[in-house]
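> Sequence and predicted structure below; questions after.
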Amino acid sequence: MSVFRLDKWHPHDFHVRLLNRATTRGKLHFGSRAFDCALGKTGIISQKREGDGASPSGGFTLLGGFFRADRLAKPASLLPLRPTHPLDGWCDDPHDARYNQLVQLPLSASHENLWRTDRLYDIVVVLDQNISPRIPGAGSAIFFHIAAPGFSPTEGCIAVSRDTMRHALRFARRGSKMWI
């Protein structure tokens, strides 16, 4: 289970708690409310590794993100958000110099396509997990994004309903952290 230090909490932080040790579902707490969320298919782990399917534990700053302008208006937020473009990707190949960074497609290295048809990345916020410094193999593309139907497990991201995401973005500020 995640351990939270109340002395590190900020009023605009987000807190993820497992429903129980045997689940990939949790509750995302912010403000005075709690919302359903999906977690990584192998739960939460303290030593994140590329491809382990786990959500990393720790406190991660919400850096900003992307939205599908062809599907929705720019969400209200104090976080920097920009429209996703069809050639946007995120490199998840630990052997590539662009590992865990926004890239332009096509790309021969392994990557996530940010322009998805399944609507999971209609809104996506980048968490600063393994961003600075970037350590090859320590996990990439850890996002806060829209959940699949039924809150099925993610590959390590935290996912919520579209309505919850819109509410969360209005609540978030520069410097907001997600505590997992």
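Ah, there it is. Numbering: from 1, shown residues only.
> Centre of the chain to stretch 145-157, how far?
Centroid separation between stretch 145-157 and its chain, computed with Cα atoms, centre = their mean, to the nearest Å, is 10 Å.
> Any stretches of this protein with poor pLDDT?
Where the chain drops to pLDDT under 70, the residues are 1-9.
> just the helices in it please.
Ranges of helices in the chain, per DSSP state H, are 162-171.
> And the lengthiest strand in it, what's buried?
Ranked by residue count under DSSP state E, the longest strand found in the chain is strand 59-67. By 16 or more other Cβ atoms under 10 Å, the buried positions in strand 59-67 come out as G59, F60, T61, L62, G65, F66, F67. Backbone N, C-alpha and C define where each C-beta goes, glycine included.
> Excluding chain neighbours, what is closest to the second one?
Spelled out, that is F60. Closest residue in space to F60, ignoring its immediate chain neighbours: L127 at 4.0 Å, by Cβ to Cβ, 6 or more residues apart in numbering.
> Does that neighbour have any beta-bridge partners, and if so which?
On the basis of DSSP bridges, L127 is bridged to L62.
> give me the number of residues near it?
Applying other Cβ atoms under 10 Å, we find 25 residues neighbouring L127.
> if I look at it, how far off is P153?
Distance, L127 to P153, by Cβ to Cβ, to the nearest Å: 17 Å.
> With D52 instead?
Look at D52 and P153: by Cβ to Cβ, they are 13 Å apart.
> Identify the contacts common to those two.
Residues within reach of D52 and of P153 at once, by Cβ atoms under 8 Å, 6 or more residues apart in numbering, are G40.
> F66 contacts D88, doesn't it?
Yes. Using Cβ atoms under 8 Å, F66 is in contact with D88, at 7.0 Å.
> beta partners of the most centrally placed residue in the chain?
Of all residues in the chain, the one closest to the mean position by Cα atoms, centre = their mean is F143, 1.8 Å from it. Going by DSSP bridges, F143 is paired in beta bridges with V126.
> contacting residues for it?
Counting by Cβ under 8 Å, 6+ apart, F143 touches G65, Y121, V124, V125, V126, L127, C157, I158.
> Could you export the residues you listed as TSV, including distance to V103?
Listed next are the contacts of F143 as TSV, based on distance: Cβ to Cβ, whole Å:
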residue	distance to V103
G65	16
Y121	15
V124	15
V125	18
V126	13
L127	18
C157	18
I158	22
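> Quickly name whichever of the residues you listed is closest to F14.
Among those, I158 lies closest to F14 (Cβ to Cβ), at 8.3 Å.
> any idea how far the closest one is from A148?
As judged by Cβ to Cβ, I158 and A148 stand 13 Å apart.
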